[in-house]
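**Student:** mind looking at a prediction? Sequence and model below.
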Amino acid sequence: MKVRVTNKNSLFYGQEFIVDLMNHQYVGSKRGKIIVKFEDVEFISLTDSERSILLHREILKTSIPKALNGLFYYNLLIDTICRHIEGDFNRVEVIKEDYKELKRVWEKNLLILVDKIPVKINIIGQYYTKNSIDVNITTVSQGEFIRECLKEEEKLEKEIRERNKRIEGIKRAVSMAI
């Protein structure tokens, strides 16, 4: 995937580079030490799979299992979701994402909202192979989805409280050291 920086206010204006870093907000190049907002670039000569990822950019909010190529993983997710909902989608909200590593196998569980459809996705694969990947996708009932969201919200709020306690402890330590 190759891009050209089009934002005239950017330090990298006019430069072209091959993208090897990407999330739902930024594209970049490790080699060129460049990171630019998605909106500040023009994509050049895209393959169909790259075009699909850009069209469904929200899917980039999920992380890639260590053993997989990003292009393959994101296209696998997009194709699976499109087949499941029997059409295209515009928006994805990642509610919950779990990743487990076992001896020779990895497992990824996602709870996402695709447009207005709550979906659970379970992906299991062997390390460093594309042939041994099993993807299961199910639509979740509204009640179960709301319960999962509330549970995830509670978990995140607890994490925030714990981190705030750590911050307060650090502030106290700094004030005592002065």
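**Tutor:** Nice, thanks for sending it over.
**Student:** quick one: low-confidence parts of the protein?
**Tutor:** 66-69, 128-130 (pLDDT under 70).
**Student:** for it, just list every one of the helices.
**Tutor:** 48-55, 70-85, 142-177 (DSSP state H).
**Student:** just the ones you listed: most buried one?
**Tutor:** helix 70-85 (a mean of 17; mean count of other Cβ atoms under 10 Å). C-beta here means a position set from N, CA and C on the backbone, and glycine is covered the same way.
**Student:** for Val92, give the beta-bridge partners.
**Tutor:** Beta-bridge partners for Val92, by DSSP bridges, are Val114.
**Student:** Ser29 too?
**Tutor:** Beta bridges link Ser29 to Ile34 when assigned by DSSP bridges.
**Student:** gap between it and Ala173?
**Tutor:** Separation of Ser29 from Ala173 (Cβ to Cβ, to the nearest Å): 40 Å.
**Student:** try Met22
**Tutor:** Counting by Cβ to Cβ, the gap from Met22 to Ala173 is 39 Å.
**Student:** and what of Pro118?
**Tutor:** 44 Å.
**Student:** quick one on the thing from earlier: can I get the helices of the chain in CSV including distance to Lys37?
**Tutor:** CSV is the format used below for the helices of the chain (distance: least, Cβ to Cβ, whole Å):
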stretch, distance to Lys37
helix 48-55, 14
helix 70-85, 19
helix 142-177, 26
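**Student:** Thr62: which of the ones you listed is closest?
**Tutor:** helix 70-85 (7.0 Å; Cβ to Cβ).
**Student:** tell me how many other residues crowd the nearest residue to Ile95 once chain neighbours are set aside.
**Tutor:** The shortest distance from Ile95 to any residue other than its chain neighbours is 4.5 Å, reached at Leu111 (Cβ to Cβ, 6 or more residues apart in numbering). For Leu111, the neighbour count with other Cβ atoms under 10 Å is 21.
**Student:** cool, the one 3 residues further on as well?
**Tutor:** Taking other Cβ under 10 Å as the neighbour definition, Val114 ends up with a count of 22.
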